[in-house]
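Visitor: Let's see this in three dimensions:
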Amino acid sequence: MAIVVMILGESGTGKSASLRHFSDDELAVVNVIGKPLPFRKKHFETISSDSYGEISKFLKKTDKKSIVIDDAQYLMANEYMRRAQEKGFDKFTEIGQNFWNLVNSCIQKLPADTIVYFLQHVESTADGSGVKAKTIGKLIDEKITLEGMFSIVLRTCVTDEGYFFRTQNNGSDTVKSPVGMFDDELISNDLKAVDQKIREYYELETAAVMESGGFADAIQEHKEYLDVNAPHVDVVDDETPLQGKTLLDDLKEVMKSKGITQAELKDIVAEKGVYPKSAKISEYEDDFIEYLIHNINKIEAAIIRKRG
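Guide: This next block holds a predicted model:
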């Protein structure tokens, strides 16, 4: 299960600007209304769309572990405007359900080490006593409370000293964060730093390995095991699977593509105490072979360091 985070704030208070410290290869962006980002150009993996279908495909395809849905409230607003001539109130239920389905799909279907940030404008509550996530009216709010789907809700704050995120409720908004996640009530509006805090707090890399099941179980009895933080890039692709007849064939295929010898792989495995150096690769359990395939990039990096 992935983590979803809501970032609330008025226009111009630093929501989109908070992405500025991510590097190009760290972030995927769903740009709902296609507006330029408010900092010097970066080349994030991006889709400009307000189509739930296109966005869902993008979320499933990207290998990025940090994803931002910018101006998320326009998913509802744009759908409402397209359906403005429809009579009756069923459209409000459907508009709310579509947004709910997107959030729930992120939670349920994306990997455990993925964080999805919904950047959302705010509006006054019905009684005027505070602010909440902006929707398209009372009929939506009666059916879903958006912030209730999120364990972490931050809100932008602008002071004479600069731009910040608020991490705790002030009594008139819906801000919240887990106990001990953030040291201060006001933190810099740096979403990269927030991302690191969340990953450390929930130990997301470990959670992802445990969620994957099989290959983690095969090595769990060993106190130390190979680095689990490997990017799953250009190794295993559901649309273009490896062509070997067995997992061992697949492992040999990716080893060949990386220029890794069996002796080098066995050295790394033996150092971590998973299998003795004398064990043949063909003796490795299938779950552990799958683990090696998924972590081949990290293994390659470790071997290169040893060669040096």
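Visitor: From the structure, what's the count of residues near T145?
Guide: Using other C-beta atoms under 10 Å, T145 has 13 other residues around it. C-beta: built from backbone N, CA, C; applies to glycine.
Visitor: Ok, D160 next?
Guide: There are 4 residues near D160, going by other C-beta under 10 Å.
Visitor: Please report how far it lies from D173.
Guide: According to C-beta to C-beta, to the nearest Å, D160 and D173 sit 21 Å apart.
Visitor: again with K306
Guide: Note on K306: its distance to D173, by C-beta to C-beta, is 52 Å.
Visitor: same question, V194
Guide: Distance from V194 to D173, by C-beta to C-beta: 17 Å.
Visitor: Looking at the two, which has the bigger crowd around it?
Guide: V194 (25 against 19).
Visitor: avg pLDDT for the helix or strand hosting I69?
Guide: Using DSSP states H and E, I69 sits in strand 66-70. Averaging pLDDT along strand 66-70 gives 98.
Visitor: quick thing: my sequence starts at 31, can you match it?
Guide: Sure thing, new numbering starts at 31, so read that last one as strand 96-100.
Visitor: partners of it in the sheet?
Guide: Applying DSSP bridges, strand 96-100 is found paired with strand 57-61 (parallel), strand 145-150 (parallel).
Visitor: Please identify the most buried of these.
Guide: Most buried of the strands paired with strand 96-100, by mean neighbour count (mean count of other C-beta atoms under 10 Å): strand 145-150, with a mean of 26.
Visitor: Give me the contacts around that strand.
Guide: With C-beta atoms under 8 Å, 6 or more residues apart in numbering as the test, strand 145-150 has contacts from 32-39, 45-46, 89, 95-103, 133, 136, 140, 163-164, 176, 180, 221, 225, 228-229, 234.
Visitor: So which of those sit within strands?
Guide: I33, V34, V35, M36, I37, L38, S96, I97, V98, I99, D100, A163 (DSSP state E).
Visitor: Stretch 145-165 spans what distance, first to last residue?
Guide: Terminal residues of stretch 145-165 are spaced 22 Å apart (C-alpha to C-alpha, to the nearest Å).
Visitor: Could you give the secondary structure assignment for K173?
Guide: Classification of K173 using DSSP: H, G, I helix; E, B strand; the rest coil returns coil.
Visitor: longest strand anywhere in the chain?
Guide: strand 182-189.
Visitor: partners of the helix or strand that that one is followed by in the sheet?
Guide: Once the chain leaves strand 182-189, the next helix or strand it forms, by DSSP H and E, is strand 192-196. Using DSSP bridges, the strands paired with strand 192-196 are strand 182-189 (antiparallel), strand 216-218 (antiparallel).
Visitor: Tell me what angle strand 192-196 forms with strand 33-38.
Guide: For strand 192-196 against strand 33-38, the angle by axes from the mean of the first three to the mean of the last three C-alpha atoms, to 10 degrees is 130 degrees.
Visitor: Please list the residues outside strand 192-196 that contact it.
Guide: For strand 192-196, the external contacting residues (C-beta under 8 Å, 6+ apart) are 37, 43-44, 47-48, 184-188, 203, 205, 215-219, 224.
Visitor: Just the buried residues of those residues.
Guide: 37, 43-44, 47-48, 184-187, 203, 205, 217-219, 224 (16 or more other C-beta atoms under 10 Å).
Visitor: Tell me which helix or strand in the chain has the weakest average pLDDT.
Guide: helix 244-249 (a mean of 44; mean pLDDT, DSSP states H and E).
Visitor: Quick check: what element follows it along the chain?
Guide: helix 277-288.
Visitor: mind checking how far that following helix is from the chain centre?
Guide: 28 Å (C-alpha atoms, centre = their mean, to the nearest Å).
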